[in-house]
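>>> sequence first, then the predicted structure, then my questions.
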Amino acid sequence: MLTGELRSKIDGVWNAFWAGGIANPLEVIEQITYLLFMRGLDDAHTREEAKANRLKKPIERRIFPEGKDGIGKKGGVAYEEMRWSRLKNRDPATMFEIVSEHVFPFLRNMAEVGTAHATHMKGARFTIPTPALLAKVVDLLAEIPMEDRDTKGDLYEYMLSKIATAGQNGQFRTPRHIIALMVEMMAPGPKDVICDPACGTCGFLVAAGEYLRSNHPKMFQEKETRDHFHEEMFHGFDFDNTMLRIGSMNMMLHGVEDPDIRYKDSLSQEHAGDEDRYSLVLANPPFAGSLDYEMTAKDLIAIVKTKKTELLFMALFVKLLKPGGRAAVIVPDGVLFGSSTAHKEIRRMLVEDHKLDGIVKLPSGVFRPYASVSTAIVLFTKTNSGGTDQVWFYDCQADGFSLDDKRIALLSDGKIGPNAKLGEGEYAKNNLPDIAARWKERGGAERVRPRVAQSFCVPKAEIAASDYDLSIQRYKELARAVTSHRSSKDIMSDLKILEMEIAGGLKEIEGMLK
């Protein structure tokens, strides 16, 4: 958890970027990413030096080569001078010159190191405009204890949260508590191979990693499962190189050493090598309307003939999963009830050919102020042989934040998200813990819940008879208040009493007038 003091310092450097002429929040994050990567390289090199000294052997993995880089006068600058531990103590002008003229060419040419992040650094551009701003940012980062995985992970998450409050770039970030809910429901295990084919900043992959650290700590005690976590478990695709750099750094700072984060246009490129590969898909892909048939991957068209990106992504999720694999993905509501042949075919496929597990209807304000479109979480298992019995529905009405453009927290930090411990009356402000708890009971107690409840199950046969409509409104029943009526005999009796009282009153008035 970041302290208020650290948050304040980050806010200060963020404002300094804006004052210095860098107004694009993604560019700010990108420049900070480069500096964090520089510090990470120095830390890794220092560990290798310590290991070599301890074993009395030469350094096995030298990140900073010996000698100079050969750029500029006098043979260039020594690679040792490019290390973070040296740079941070330089005067601003010298620091600026070394970083811009020597460090960035080094970052761009070090892809042979082999990590995904080194590969993404090929397009690194240094755009910090002044030595003073560079020095200020370096001073800030130098004060952060980066050896603590939680601290540096929280630091980067806080940086990324600023993308979501800076205007048009908010679409790159799914709310963290919604991600946490989906991961909690999928409960990834030590043997899973997880993919997000529209990974952005890798929020889903990071959350899955943190879930595993909390719930399966023993997997880090065995070399086989530990290596699987760092090298084989996490896979993310994106076609935005800035996102790839930011996402891979996010993974690195959360303690995943070499994830598979790579460039790929998931809807346009064929999927040889990726089909039937993953045991878990977590995603909230961008839904941008329609693609040209000529641009669309032919193996997706073979599953569903459509130009609509939301339906193509659903086909992609099925394609990527291996039999028995699970998925939790966010879709626009139109996927659930659209009347086109392609819409119906996707829903029929999920229900009849695989196992549709559940639908969570999200409040329409979850993605405000960037989008007001209604969305839902679709949860299914790829079987290739059917298996749908009862489909579990949940009508989420509150996620812990106001549903207007301001998205103000309605509860304290500790009571946001699916694992919050809530008091009486607080569940109405945050349905997520209830969703997570009732999801686990979908094969038992949830099956006898009435249709007027917030969650209930619907038999497959009823869904098939409804043309595979998956909108919760199709099956939910409205609670009708029971109104009791008095008997006509009692009403007539009361009327007679009133008539007698009125008649008596009139006689009294007549007597007074005489």
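Yes, it's here.

>>> any stretches of the stretch 201-350 of the chain with poor pLDDT?
Low-confidence segments of the stretch 201-350 of the chain (pLDDT under 70): 288-289.

>>> how about the helices of it, start to end?
All helices of the stretch 201-350 of the chain, identified by DSSP state H, counting those that start in this stretch, fall at 203-215, 223-227, 241-253, 298-301, 309-320, 334-337, 341-348.

>>> next: the stretch 51-200 of the chain.
With helices called from DSSP H, counting those that start in this stretch, the stretch 51-200 of the chain shows them at 84-87, 92-98, 104-108, 116-120, 131-142, 149-161, 176-186.

>>> least reliable of the ones you listed going by mean pLDDT?
If the helices of the stretch 51-200 of the chain are sorted by mean pLDDT, helix 116-120 sits at the bottom with a mean of 74.

>>> and Y158, how far is that from K218?
30 Å (Cβ to Cβ, to the nearest Å). No exception for glycine: its C-beta is placed from N, CA and C like everyone else's.

>>> more neighbours: which of these two?
Here Y158 and K218 are compared on neighbour count by other Cβ atoms under 10 Å; more neighbours surround Y158, at 15 against 8.

>>> my read: that one touches S8, true?
No - under the criterion of Cβ atoms under 8 Å, Y158 makes no contact with S8, lying 11.3 Å away.

>>> C457 falls within a helix, correct?
No - under DSSP: H, G, I helix; E, B strand; the rest coil, C457 falls outside any helix and is assigned strand.

>>> residue contacts, it?
The neighbours of C457, taking Cβ atoms under 8 Å, 6 or more residues apart in numbering as the test, are 390-393, 442, 446-447, 449.

>>> leaving out chain neighbours, which residue sits closest to it?
Excluding its sequence neighbours, the residue lying closest to C457 (Cβ to Cβ, 6 or more residues apart in numbering) is Q390, at 4.1 Å.

>>> any idea how many residues pack against the one you found?
Based on other Cβ under 10 Å, the number of other residues close to Q390 is 20.

>>> phi, psi of it?
Backbone geometry at Q390, expressed as degrees, to the nearest 10, gives phi -120, psi 140.

>>> quick check: pLDDT value at it.
Confidence score, pLDDT, at Q390: 96.

>>> again with T115
pLDDT, T115: 67.

>>> what's the answer for Q171, then?
Per-residue confidence (pLDDT) for Q171: 47.

>>> okay, the contacts of C457 in JSON lines with distance to V329 and secondary structure next?
Rendered in JSON lines, the data for the contacts of C457 read as follows (distance: Cβ to Cβ, whole Å; DSSP: H, G, I helix; E, B strand; the rest coil):
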{"residue": "Q390", "distance to V329": "20", "secondary structure": "strand"}
{"residue": "V391", "distance to V329": "15", "secondary structure": "strand"}
{"residue": "W392", "distance to V329": "16", "secondary structure": "strand"}
{"residue": "F393", "distance to V329": "16", "secondary structure": "strand"}
{"residue": "R442", "distance to V329": "18", "secondary structure": "coil"}
{"residue": "E446", "distance to V329": "21", "secondary structure": "helix"}
{"residue": "R447", "distance to V329": "24", "secondary structure": "helix"}
{"residue": "R449", "distance to V329": "25", "secondary structure": "coil"}
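
>>> can I get the residues you listed in JSON lines with distance to L134?
Formatted as JSON lines, those follow (distance: Cβ to Cβ, whole Å):
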{"residue": "Q390", "distance to L134": "59"}
{"residue": "V391", "distance to L134": "55"}
{"residue": "W392", "distance to L134": "53"}
{"residue": "F393", "distance to L134": "53"}
{"residue": "R442", "distance to L134": "53"}
{"residue": "E446", "distance to L134": "56"}
{"residue": "R447", "distance to L134": "61"}
{"residue": "R449", "distance to L134": "59"}
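
>>> tell me how far the residue nearest to C457 lies from E49.
Using Cβ to Cβ, Q390 is found at 60 Å from E49.

>>> next one: P459
If you go by Cβ to Cβ, the gap between P459 and E49 works out to 65 Å.

>>> same check on L311?
L311 sits 53 Å away from E49 when distances are taken as Cβ to Cβ.

>>> ok, these two, which is more surrounded?
Neighbour count, other Cβ under 10 Å: between L311 and E49, L311 has more, with 26 against 12.

>>> got a list of what that one touches?
Applying Cβ under 8 Å, 6+ apart to L311 gives the contacts 304, 335, 342-343, 346.

>>> which one (most neighbours) among those?
For the contacts of L311, the largest number of neighbours (other Cβ under 10 Å) sits with I346, at 28 neighbours.

>>> any idea how far that one lies from Y468?
Remark: distance between I346 and Y468 (Cβ to Cβ) = 9 Å.

>>> now K460
Note on K460: its distance to Y468, by Cβ to Cβ, is 10 Å.

>>> need the residues touching each of these two.
Contact criterion Cβ under 8 Å, 6+ apart; residues bridging K460 and Y468 by contacting each: V351.

>>> of the two, which one has the most company?
Counting neighbours by other Cβ under 10 Å for K460 and for Y468 shows that Y468 has the greater number, 21 against 18.

>>> which helix or which strand is home to that one?
With elements taken from DSSP states H and E, nothing contains Y468; it lies in neither a helix nor a strand.

>>> okay, now the residue nearest to N215 when sequence neighbours are not counted: neighbour count?
Ranked by Cβ to Cβ, 6+ apart and with sequence neighbours excluded, the top spatial neighbour of N215 is A187, at 7.6 Å. A187 is flanked by 17 other residues according to other Cβ under 10 Å.

>>> could you do M82 as well?
22.

>>> separation between the residue nearest to it when sequence neighbours are not counted and N24?
If the residues on either side of it in the chain are set aside, M82 comes closest to V103, at 4.9 Å by Cβ to Cβ, 6+ apart. Distance, V103 to N24, using Cβ to Cβ: 22 Å.

>>> coming back round to it: out of the helices of the stretch 201-350 of the chain, nearest to H120?
Comparing these against H120 with Cβ to Cβ, the closest turns out to be helix 241-253 (4.5 Å).

>>> quick one: contacts of the closest one?
Judged by Cβ under 8 Å, 6+ apart, the contacts made with helix 241-253 from elsewhere in the structure are 26, 29-30, 33, 36-37, 40, 116-117, 120-121, 123-124, 149, 152-153, 155-157, 160, 172, 199-203, 205-206, 209, 234, 236, 238, 259, 261-263.

>>> can we see that at 7 Å?
26, 29-30, 33, 36-37, 40, 116-117, 120-121, 123, 152-153, 156, 160, 172, 199-202, 205-206, 234, 236, 238, 259, 261, 263 (Cβ atoms under 7 Å, 6 or more residues apart in numbering).

>>> buried ones among those residues?
Buried positions within these, assessed by neighbour count (16 or more other Cβ atoms under 10 Å), are 26, 29-30, 33, 36-37, 40, 116-117, 120-121, 152-153, 156, 160, 172, 199-202, 205-206, 234, 236, 238, 259, 261.

>>> may I ask which helix or strand encompasses Y394?
Using DSSP H and E, Y394 falls within strand 390-395.

>>> state the pLDDT value of Y79.
As predicted, Y79 sits at a pLDDT of 94.

>>> parallel or antiparallel, list what pairs with the longest strand along the chain.
Assignment by DSSP state E gives strand 321-332 as the longest strand of the chain. For strand 321-332, the paired strands and their directions (DSSP bridges) read strand 278-283 (parallel), strand 375-381 (antiparallel).

>>> deepest-packed of those, please.
Among the strands paired with strand 321-332, ranked by average contacts under mean count of other Cβ atoms under 10 Å, first place goes to strand 278-283 (a mean of 24).

>>> flag every buried residue along stretch 148-157.
Across stretch 148-157, burial judged by 16+ other Cβ under 10 Å covers 151-157.
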